[in-house]
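Student: pasting the sequence and the predicted model now:
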Amino acid sequence: MASVVAVCISEKKGTMKHPVGSIEVKRDHGIVGDAHAGNWHRQISLLASESVDKMKKVLPDIPVGAFAENILTEGISVCTLPVGTRLAVGPTLLEITQIGKECHHDCAIRKQVGDCVMPREGVFAIVLEEGVITAGDDIRIIGA
């Protein structure tokens, strides 16, 4: 079964995200208190812990949130899900709107390792149904 490993926010753009106990997600907004929230198509970022594990072979001490992920998942390959896929994450409903993104070439991880998984394997979503998401919540594919 797929689940949430961690939830993260950053209060200011350009700073690393850090784990928090829970995140409150709002429709047409994203995560309350996150610097990247807003009424746009990249309200929430998701990344599979399996993707992070690839980078941990080179940088074993990478902290949660280092890839600017809001939700770190386990047991689901989020980067293989098509745009439009709906995910029930705990009591919320999210819809994938973008797979990958253009990399910031000044990314600290890319500078250290020469690679970063977020541009290829991270996904972005909007909030369809509001609620609170915490580590341990189940993730279910609802469909497109």
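Tutor: Structure received.
Student: where do the helices sit along this protein?
Tutor: Ranges of helices in the chain, per DSSP state H, are 49-56, 108-113, 118-121.
Student: looking at those, which one has the lowest mean pLDDT?
Tutor: Mean pLDDT values for these show the minimum at helix 108-113, a mean of 53.
Student: list the buried residues of stretch 76-94.
Tutor: 76, 78-79, 81, 85-90, 92-94 (16 or more other Cβ atoms under 10 Å). In this view, the C-beta of every residue, glycine as well, is placed from N, C-alpha and C.
Student: what's stretch 64-73 in contact with?
Tutor: With Cβ atoms under 8 Å, 6 or more residues apart in numbering as the contact definition, stretch 64-73 has outside contacts at 2-10, 16-19, 23, 31, 34, 36, 44-49, 52, 55, 89, 108-109, 116-118, 122, 133, 139.
Student: for PyMOL, what selects the buried ones among the residues you listed?
Tutor: Typed into PyMOL, the line below selects the buried ones among the contacts of stretch 64-73, using 16+ other Cβ under 10 Å:
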select buried, resi 2+3+4+5+6+7+8+9+10+17+23+31+34+36+44+45+46+47+48+49+52+55+89+109+116+117+118+122+133+139
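Student: filter the contacts of stretch 64-73 down to the ones in strands?
Tutor: Among the contacts of stretch 64-73, DSSP state E puts 2-9, 18-19, 23, 31, 44-48, 89, 133, 139 in strands.
Student: distance of the residue nearest the centre of the chain relative to Phe67?
Tutor: The residue lying closest to the centre of the chain (Cα atoms, centre = their mean) is Leu46, at 2.1 Å. Computed as Cβ to Cβ, to the nearest Å, the Leu46 to Phe67 distance reads 10 Å.
Student: got it, and Val25?
Tutor: For Val25, the distance to Phe67 - Cβ to Cβ - is 19 Å.
Student: more neighbours: which of those two?
Tutor: Remark: of Val25 and Phe67, Val25 carries more neighbours, 30 against 24, as counted by other Cβ atoms under 10 Å.
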